[in-house]
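Peer 1: No sequence on hand, only this structure:
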């Protein structure tokens, strides 16, 4: 499978800054065939970002979606709307949605299912907080977050159509990245868990303070199938350095 490079811009950007960022990225020579690149801009800029990318073989995705198809849900974004804007992917259960907004595992699972129903590829974000890590609850947390999707009707089939992103909450936006060997071990655990539950061929990517300084070492690990980049993806030079970790 191609390594995945996902850029989560979070709630950052403007028309001017996005124009500059995309222009700078496109001005640099890169063989895009060797990697899968997905940009996750804020929802108001999805169509604009897609138009700026033009014919380059990169994708855009939503940072969130509703678990409802349509209706009186002010401020929500339906999966069908993301499809209308040309999205192929959507983030589901990012730690900021879970721990800041308060989304439950059950709601995240519903959103994952809704994405699949509308032919979007969901990236299921999972990972433990610092307190959970210190309490040695990491595996239990991962099990619970994965199982919420597995427990849906035909859950194994649904889960097999997505991507899993291991994002330790304590490493997101803190500048403290998990050690590559530790990440590889966690990814190995996740892979074993998936295979034991009849879920095969799912890419497992890593997110959490990914930078040009650690991306290469992370991507050398065969258990790590790509990266989900936060702050560094807002800097064209840094993101391009990360993309060039794979020849």
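Peer 2: That came through, no problem. Just so it is clear, the structure is predicted and the values come from calculations on it, not from any experiment.

Peer 1: Run through the chain and note the low-pLDDT ranges.
Peer 2: 29, 31-32, 247 (pLDDT under 70).

Peer 1: which residues in it form helices?
Peer 2: For the chain, applying DSSP state H gives helices covering 15-26, 46-53, 79-84, 95-96, 105-117, 130-134, 138-150, 155-159, 180-196, 212-219, 236-243.

Peer 1: Would you mark the buried spots in the second one?
Peer 2: I take that to be helix 46-53. Using 16 or more other Cβ atoms under 10 Å as the test for burial, helix 46-53 gives 46, 48, 49, 50, 52, 53. Using the backbone N, CA and C atoms, a C-beta is placed for each residue, glycine as well.

Peer 1: out of the residues you listed, who's nearest residue 147?
Peer 2: residue 46 (31.1 Å; Cβ to Cβ).

Peer 1: measure that closest one to residue 12 for me?
Peer 2: Between residue 46 and residue 12 the distance is 14 Å, computed by Cβ to Cβ, to the nearest Å.

Peer 1: Same check on residue 38?
Peer 2: Applying Cβ to Cβ to residue 38 and residue 12 gives a distance of 16 Å.

Peer 1: Please identify which of the two sits among more neighbours.
Peer 2: Neighbours were counted for residue 38 and for residue 12 using other Cβ atoms under 10 Å; residue 38 has more, 23 against 14.

Peer 1: which one in this structure is furthest away from the centre?
Peer 2: Relative to the centre of the chain, the most outlying C-alpha is that of residue 72, 27.8 Å out, by Cα atoms, centre = their mean.
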